[in-house]
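Colleague: output the structure for:
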Amino acid sequence: MSEERRADPGATHFGFEAVDERAKAQKVAGVFDSVATRYDLMNDLMSAGLHRLWKAFTVRQADVRPGMRVLDIAGGTGDLARAFAERAGHDGLVVLSDINMSMLHAGRDKLLDKGRMLPLVQCDAERLPFADDSFDVVSVAFGLRNMTHKDIALAEMRRVIRPGGKLLVLEFSRVWAPLAPLYDAYSFSVLPWLGSKVAGDSDSYRYLAESIRMHPPQEELARLMEHAGLEQVKWFNLTAGVCALHVGRKS
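Modeller: Numbering: from 1, shown residues only. So this is what the prediction gives:
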C-alpha cells in the first residue's frame, strides 16, 4: 500500500475551494446526487450535443471486439458502457461502475429503457474491487477530475487491465488559448445559469467550471498516466481542446 494511501486525509480542492479530503468526497457526492436526474439533458445543453461525438470517438479508439472484457469507471448514465456492450457481444463482459449510487440508478434505468442490462458496481476508482489483469479495456469519461488522488486511481486502472490492454481517459481539458476568454465567459456565466434553470442547481455547474480549471492539462495528465505505468500514451484534442482523449497501454 502506498504512503499516500496510508496518510491521514489532508487538504485538497473542490473546484477553487480548499477542503479536507473527506469533505471533498461528500461534496462531490452531493453534486451528483443533485444532478443525476437531469444529467443527460444538461450534457446535451452544455455541449450543444458535442459530448455524443466525443464519446463516439472514444468508442472507436477503444476498438472493443467480440468477447472482450470492459470496465467503464465513473460511467454515469451508461452511454459508453452501452456502446461497448454492443461491440463486445454476448461472449464479452461490460461492467458499469460509479462511486455514486444516484448515477448508477440513472444509468440502470436508461439501459433498461434501451433494452439492455449490464452488471453495475458501486465502487471507488482508487480502490477497485477487481482482480489484477481482469479487463481488456478500461475507460473513464468526465470522471477523473473529480477523483482526489488521480495518481492512485490511474494506478488502480492500470492494475486491472490485462497486458496488451488499454486505458482511455476522456476529460475536459485546456482549450486553445485564443478561445480561452470566450470559453471562460461561457463557463462561469452561462453554465451556472443553465444549471439553475434546468436542474435547479447553479452551484454544481459552477463547480464543474472550476473543476475543469483545476484538472491537469493535456501534457501533465499524459505524464501522470506514464508515472502510473502506462505506455505509448497519446492524446487527441477534441473541439479545440475543450476536452481531450488520452489513451495508454499496459505492456
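Colleague: now do the same for Val35: its pLDDT.
Modeller: Note on Val35: pLDDT of 81.
Colleague: for the helix or strand where it lies, packing partners?
Modeller: Using DSSP states H and E, Val35 sits within helix 21-35. Taking 3 or more CB pairs under 8 Å, 6 or more residues apart in numbering; DSSP states H and E as contact, the helices and strands that helix 21-35 lies on are strand 11-14, helix 101-113, helix 202-214. For the C-beta atoms, the positions are set from N, CA and C on the backbone; glycine is no exception.
Colleague: let's see 10 Å
Modeller: strand 11-14, strand 17-20, helix 39-47, helix 101-113, helix 202-214 (3 or more CB pairs under 10 Å, 6 or more residues apart in numbering; DSSP states H and E).
Colleague: please identify the most buried of the ones you listed.
Modeller: helix 202-214 (a mean of 19; mean count of other CB atoms under 10 Å).
Colleague: give me the mean pLDDT for whichever helix or strand comes after it.
Modeller: Moving toward the C-terminus from helix 202-214, the next helix or strand (DSSP H and E) is helix 218-227. The average of the pLDDT scores along helix 218-227 is 98.
Colleague: C-alpha coordinates for helix 218-227, PDB please?
Modeller: Extracted C-alpha coordinates of helix 218-227, given in PDB (Å, rounded to 0.1, in the frame of the first residue of the first chain):
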ATOM      1  CA  GLN A 218      -3.000  17.500 -21.600                       C
ATOM      2  CA  GLU A 219       0.700  17.100 -21.100                       C
ATOM      3  CA  GLU A 220       0.600  16.800 -17.400                       C
ATOM      4  CA  LEU A 221      -2.200  14.200 -17.500                       C
ATOM      5  CA  ALA A 222      -0.100  12.200 -20.000                       C
ATOM      6  CA  ARG A 223       2.800  12.300 -17.500                       C
ATOM      7  CA  LEU A 224       0.600  11.100 -14.700                       C
ATOM      8  CA  MET A 225      -0.500   8.100 -16.800                       C
ATOM      9  CA  GLU A 226       3.100   7.300 -17.600                       C
ATOM     10  CA  HIS A 227       4.000   7.500 -13.900                       C
END
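Colleague: and the gap between Asp132 and Glu156?
Modeller: Distance from Asp132 to Glu156, counting by CB to CB, to the nearest Å: 10 Å.
Colleague: who has more neighbours, the two?
Modeller: Set Asp132 next to Glu156 and count neighbours by other CB atoms under 10 Å: Glu156 wins out with 21 against 9.
Colleague: quick check: angle from the helix or strand containing the more buried one to helix 218-227?
Modeller: If you go by DSSP H and E, Glu156 is part of helix 150-160. Helix 150-160 runs at 50 degrees relative to helix 218-227, counting by axes from the mean of the first three to the mean of the last three CA atoms, to 10 degrees.
Colleague: in helix 150-160, what's buried?
Modeller: Residues of helix 150-160 classed as buried: Lys150, Ile152, Ala153, Leu154, Ala155, Glu156, Met157, Arg158, Arg159, Val160 (neighbour count, 16 or more other CB atoms under 10 Å).
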